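> Using only what follows, build the 3D model:
(chains A and B)
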Number of protein chains: 2
Amino acid sequence: MEQKVIDSVLERVRAALEHDKVEDAISALAMLHPADRADAFAGLPQDDQVEILPRLDTQAAADLLEELGDEEAAAAAAHLPAGTLADVLAEMEPDEAADILGDLPPQQAADALAQMEAEAAEDVRPLLGHPDDTAGGLMTSDFVALRRHTTCQMAIDFLRGLQRDAATPYYLYVVDRDGRLIGVVGLRDIIVAAPEATIESIMGRDVISAAVGTDQEEVARLMQHYDLLALPVVDAGSRLVGVINYDDIVDVISEEATEDLQKIGGTEALDEPYMLIAFWRMIRKRAGWLVILFLSEMLTATAMGFFEAEIARAVVLALFVPLIISSGGNSGSQAATLVIRAMALGEVRLRDWWRVMRREVLSGLTLGAILGAIGFMRITVWALAFDSYGPFWPFIAATVGLSLVGIVMWGTLTGSMLPILLRRIGLDPATSSAPFVATLVDVTGLIIYFSVASVVLRGTLL
Amino acid sequence: MEQKVIDSVLERVRAALEHDKVEDAISALAMLHPADRADAFAGLPQDDQVEILPRLDTQAAADLLEELGDEEAAAAAAHLPAGTLADVLAEMEPDEAADILGDLPPQQAADALAQMEAEAAEDVRPLLGHPDDTAGGLMTSDFVALRRHTTCQMAIDFLRGLQRDAATPYYLYVVDRDGRLIGVVGLRDIIVAAPEATIESIMGRDVISAAVGTDQEEVARLMQHYDLLALPVVDAGSRLVGVINYDDIVDVISEEATEDLQKIGGTEALDEPYMLIAFWRMIRKRAGWLVILFLSEMLTATAMGFFEAEIARAVVLALFVPLIISSGGNSGSQAATLVIRAMALGEVRLRDWWRVMRREVLSGLTLGAILGAIGFMRITVWALAFDSYGPFWPFIAATVGLSLVGIVMWGTLTGSMLPILLRRIGLDPATSSAPFVATLVDVTGLIIYFSVASVVLRGTLL
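Numbers count the residues shown, from 1 in each chain, chains lettered A, B, ... in the order given. All right, here's what the predicted structure looks like:
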């Protein structure tokens, strides 16, 4: 749908709400594609949301909640009376209903579940209690499982019998009498095969599946790697218990990238859209890391303290401190980001650490030599042109140039090895955020700089 | 397939190649899932790749090239004789074949295209010449288009007639006599409908489509937003010219996230896997940004130069320089990352700049107050415990505390507004990388710090 069509509908919705014509707003919203309707709804003030949701019919409310983000959907659903909520949840895909129940206050969730239609509640119940970020938390219990002796015609008749608005199954799974997953058939294979052929004769036997506890990142990797539209989920007894559809995975990939990015940028993952997260919750997520970084960075004051005498004798040394330490920080952030992303994409594994290290030592030396040369020239030019650094400027230029080689190499090495080390001890590599690496390198960078200075400048300035 | 099964097959492949038994290696590779086979192949030394590829039968070679990354596939294909290459390309999905042709040396691509089977070449030719990162570059010409008066039974018979290994169409598109896109039908709708029903009677008329020139990021957003398995692509005359499948989009989402992440980490997007990119090409991509940052950071030396007299009189001021400027940098990186990601996800638009600014000024003040208080206490404690900062320590503590409030607020504001400004003038917001923001804030941070110092310390230390 064109953006300007959407915008004009939004205009009508807002105008209707201003005049308290909720019914008009609802019929304007109905003109939008469900996905755009959900966006429009999410953008309304909470008062209006609370007015609109209970007046939608059950199916429309269910569709709306399915399209909203999990937290938004739960926040809106929380305002429905338990009976209405139970009816709406019963109309939803079981996995989406389970996500909302998981995000509601426990008492409210229990009430809604108790009042749900028995059959729908039975679909939803096994999905509760799986962590959101595992295969069990992503799967839906709404899938088609066939037995091996079913004929293709029977399968087609079965599909005809499904509700028109049920989700289209891309794959049909085949289970044995104990419910164990033994095969998979594509929708098209059934159409193309002879009507009397058995499912067993056309099914693929090499089915890729995930266990309920599999992490969502691994689920995404499997589906992306094998180009799967859906991934069956099995329990410890290899029994088929659910199916994860590709649209959930697209969201997971996007979500995981957001998390990594936010961590690399030096904040805890927000887990909520930037414009919607409550101010103080955001501050808490941001302040945590900033304070940790600040406390670590205090070590720079301590390190500088050790060299106070040197600075007092050669104030000129202080002038290059920001330049020196930021170069270490920048090269470290760069290396860390490259390695973190390569690990997330599976391009770099733990056992590759030695190859990464060799590569980064060489990169660090090369990059350090480039920056060192520029730094040396900068000081030379300023000294000759403006006489900025006194008679001993060649020694200062040498100090800065040599320090840069060492610091950039050290920054690159630290930045590239830290994510690997973190993964090795079981932490998320993305925790070694750019600011974290920069802080770490700042302290060591100062020590390198002043050590080089005390050697090069001995007998002249120091 | 289990990782250990894959590893044991890899062991056999390597052993066979060591004894020059290429045929044995090929039959071992054949045991793997095509996706894993491609990974295994990509991991082999180039000599072995060149040995193996020409000995595969045409279909196997086509499958292998389809599963490889674009650059890897082109590099491997370049070693095939033109005739063989033409046959292999003819077996591939047209969009994958076009990607390879686009990455081959022009003469080699022209030769292969000239020797291709006429029908296959006709499918591929219209796909060439679209930039890789547009809808035209992503689409395949291998799609099913029906006319409105076709019956469902005719459509099913048509599908039966397709090759068994052709890609399953998830949606069938409906075009008018001029080839203009007028509707869409899901595969299941056709199965479920009465055999004699016309396609027109069951098709959806509100088809979401993209123009050939649409950017891949927008394509991904559309497909993700509307949960589409495939997106039809139309030319300027609304004629259906291609279809983009979901698996290409999953890769785009991942690719775009990688690019943003690498830019935020302060490097040009590598556009190639970290372990595969040539050393000097990587250095070029990394050195560019590092040098720009270094040159800008030189301004800190100039800024510090202005305050050389102050530092000489109160060396203690120099001790806190790294702490002060890194706090501005960290808070700036944090704000920039949050805003860049929110913009990439469509949560923040240009017109929201005022709301973002208000939010970030408040965040900056709050975060600055927290860090300022910690900084003040740190100096107080050290002064009382170790007498580190002389008799005027309360003034130094005040200078550091107040500067931190100002610098963190300034960093936060700069970090959050810069991506919006960049987008406004048509640049990629992710260019305002964490290191870039940090550098910008470093220079201004020094000025804030020494200005606060010259006011607070007047009459005591200065």
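
> can you tell me how far the residue lying closest to residue A:456 once chain neighbours are set aside sits from residue A:438?
Distance criterion Cβ to Cβ, 6 or more residues apart in numbering or on different chains; nearest residue to residue A:456, sequence neighbours excluded, is residue A:399 at 4.6 Å. (Each C-beta comes from the backbone N, C-alpha and C, glycine too.) Look at residue A:399 and residue A:438: by Cβ to Cβ, to the nearest Å, they are 22 Å apart.

> so where's the stretch 1-150 of chain A shaky on pLDDT?
A:1-2 (pLDDT under 70).

> try 80 this time
A:1-4 (pLDDT under 80).

> Strands along that one, start to end?
A:145-146 (DSSP state E, counting those that start in this stretch).

> Right, and chain B sits closest to which residue of it?
Of all residues in the stretch 1-150 of chain A, residue A:35 sits closest to chain B, at 5.1 Å by Cβ to the nearest Cβ.

> What number of residues are in the vicinity of that residue?
If you count neighbours by other Cβ atoms under 10 Å in any protein chain shown, residue A:35 ends up with 17.

> One more: the one 5 residues further on?
Applying other Cβ under 10 Å, we find 19 other residues in the vicinity of residue A:40.

> hmm, back to that, ok, now which ones touch the residue of the stretch 1-150 of chain A closest to chain B?
By Cβ atoms under 8 Å, 6 or more residues apart in numbering or on different chains, residue A:35 lies in contact with A:67, B:225, B:226, B:227.

> Looking at residue A:399 and residue A:438, which is more packed in?
residue A:438 (32 against 28).

> Please report phi then psi for the more buried one.
Phi and psi for residue A:438, reported as degrees, to the nearest 10, are phi -60, psi -40.

> same question, residue A:226
phi -100, psi 10.

> With residue A:204 instead?
According to degrees, to the nearest 10, residue A:204 has phi -90, psi 140.

> how about it, what does it touch?
A:183, A:184, A:185 are the contacts of residue A:204 under Cβ under 8 Å, 6+ apart.

> Could you tell me which residues of the stretch 351-462 of chain A lie near chain B?
Neighbours of chain B within the stretch 351-462 of chain A, by Cβ under 8 Å from any Cβ of the partner chain: A:352, A:355, A:359, A:362-363, A:366-367, A:370-371, A:374-375, A:378, A:388, A:408, A:434-435, A:438-439, A:442, A:446.

> rerun that using 6 Å as the cut-off
A:366, A:367, A:370, A:371, A:378, A:434, A:435, A:442 (Cβ under 6 Å from any Cβ of the partner chain).

> In contact with the last one, which residues?
Contact criterion Cβ atoms under 6 Å, 6 or more residues apart in numbering or on different chains gives A:300, A:325, B:322 as the residues in contact with residue A:442.

> which stretch of helix or strand covers the last one?
Right, residue B:322. helix B:321-344 (DSSP states H and E).

> which residues touch residue A:61?
residue A:88.

> ok, it to residue A:90 distance?
Residue A:61 is 11 Å from residue A:90, by Cβ to Cβ.

> do residue A:16 as well
30 Å.

> if we can go back for a sec, can you name the two of the residues of the stretch 351-462 of chain A next to chain B that are farthest apart?
A:378 and A:435 (26.1 Å; Cβ to Cβ).

> who has more neighbours, those two?
Neighbour totals were compared for residue A:378 and residue A:435, and residue A:435 leads with 32 against 19 (other Cβ under 10 Å).

> Tell me if that one really is in a strand.
No - counting by DSSP: H, G, I helix; E, B strand; the rest coil, residue A:435 falls outside a strand, being helix.

> what's the burial count for the closest residue to it other than its chain neighbours?
Spatial nearest neighbour of residue A:435, chain neighbours left out: residue A:266 (3.6 Å); criterion: Cβ to Cβ, 6+ apart. Counted by other Cβ under 10 Å, the residues lying close to residue A:266 total 30.

> Next one: the closest residue to residue A:96 other than its chain neighbours from residue B:181, what distance?
Distances taken as Cβ to Cβ, 6+ apart put residue A:66 closest to residue A:96, at 4.8 Å, once the chain neighbours are dropped. Residue A:66 sits 27 Å away from residue B:181, going by Cβ to Cβ.

> what's the helix or strand for the nearest residue to residue A:151 once chain neighbours are set aside?
In space, residue A:151 comes closest to residue A:196 once its chain neighbours are excluded; the distance is 5.4 Å by Cβ to Cβ, 6+ apart. Element membership for residue A:196, per DSSP H and E: none, as it lies in no helix or strand.

> Relative to residue A:152, how far out is residue A:196?
If you go by Cβ to Cβ, the gap between residue A:196 and residue A:152 works out to 7 Å.

> Neighbour count for those two, which is higher?
Set residue A:196 next to residue A:152 and count neighbours by other Cβ under 10 Å: residue A:152 wins out with 22 against 10.

> circling back to that earlier point, angle of the helix holding residue B:322 against helix A:321-344?
Compare the direction of helix B:321-344 with that of helix A:321-344 by axes from the mean of the first three to the mean of the last three Cα atoms, to 10 degrees and you get 40 degrees.

> Any idea how far whichever helix or strand comes after helix B:321-344 is from the middle of the chain?
For helix B:321-344, the succeeding helix or strand toward the C-terminus, using DSSP H and E, is helix B:353-386. Taking the mean of its C-alpha atoms, helix B:353-386 sits 34 Å from the chain's own mean (Cα atoms, centre = their mean, to the nearest Å).

> name the element the spatially most central residue of chain A belongs to?
Centroid-nearest residue in chain A: residue A:256, 2.0 Å away (criterion: Cα atoms, centre = their mean). Assigned by DSSP H and E, residue A:256 falls within helix A:246-264.

> same for the following helix or strand past that helix, what does it pack against?
Sequence order places helix A:279-306 as the next helix or strand after helix A:246-264, per DSSP H and E. Here helix A:279-306 touches helix A:434-456, helix B:316-319, helix B:321-344, helix B:353-386, going by 3 or more Cβ pairs under 6 Å, 6 or more residues apart in numbering or on different chains; DSSP states H and E.
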